[in-house]
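Q: Using only what follows, build the 3D model:
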Amino acid sequence: QVRLVESGGGLVQAGGSLQLSCIASGRILSVVRMGWYRQTPGKQRELVAFITASSGDTTYADSVKGRFTITRNKAANTVGLQMSRLEPEDTAVYYCNALIVPFFADTPGDYWGQGTQVTVSS
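A: As a prediction, this is how the structure comes out:
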């Protein structure tokens, strides 16, 4: 089985910074990509950023470009999200997501963490 565990998050004032981390563990053959989504009540979960494991290519939502930075540690199967110049609109539950090929599988599966709350006060 594959498991994603997030850490970080919390309460911060507007303009402040927070760091999220996520580690993937379990019977992992290879990681294709890892990333972050966020969701607020009544809205669909939306992409924040993702990074490919092999090349390190990144993709960001327009709303976070220039403020958030995603990084990965390929050897440790971890992904981080450095969030700067936070705005009240960034308040959401942030979910770690990964596309992972587990042992004895032919195709990658989509895995999710349990979510961590980020609250930005004005």
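Q: which residues sit in contact with the residue of the chain most remote from its centre?
A: In the chain, counting by C-alpha atoms, centre = their mean, residue 104 sits farthest out from the average C-alpha position, at 25.6 Å. By C-beta atoms under 8 Å, 6 or more residues apart in numbering, the residues touching residue 104 are residue 27. (Glycine included, C-beta is placed from N, CA and C.)
Q: Now do it, the pLDDT please.
A: Per-residue pLDDT puts residue 104 at 88.
Q: distance of it from residue 111?
A: 16 Å (C-beta to C-beta, to the nearest Å).
Q: And residue 54, by the same measure?
A: From residue 54 to residue 111 the distance is 18 Å (C-beta to C-beta).
Q: Which one's more surrounded, the two?
A: residue 111 (20 against 10; other C-beta atoms under 10 Å).
Q: Secondary structure of that one: a strand, I assume?
A: Yes. Counting by DSSP: H, G, I helix; E, B strand; the rest coil, residue 111 falls inside a strand.
Q: what are the bridge partners for it, then?
A: residue 98 (DSSP bridges).
Q: in stretch 50-68, what counts as buried?
A: When burial is assessed from 16 or more other C-beta atoms under 10 Å, stretch 50-68 yields the following buried residues: 50, 51, 52, 53, 58, 60, 64, 68.
Q: For residue 73, which residues are in contact?
A: Counting by C-beta under 8 Å, 6+ apart, residue 73 touches 79, 80.
Q: now do residue 48
A: Residue 48 neighbours (C-beta under 8 Å, 6+ apart): 35, 36, 37, 38, 60, 61, 64, 68, 81, 94.
Q: Please report the distance of it from residue 59.
A: From residue 48 over to residue 59 (counting by C-beta to C-beta), the distance is 10 Å.
Q: any common contacting residues for these two?
A: In contact with both residue 48 and residue 59: residue 35, using C-beta under 8 Å, 6+ apart.
Q: for this protein, what spans make up the strands?
A: 2-8, 10-13, 18-26, 28-39, 46-52, 58-60, 68-73, 78-83, 92-102, 109-112, 116-121 (DSSP state E).
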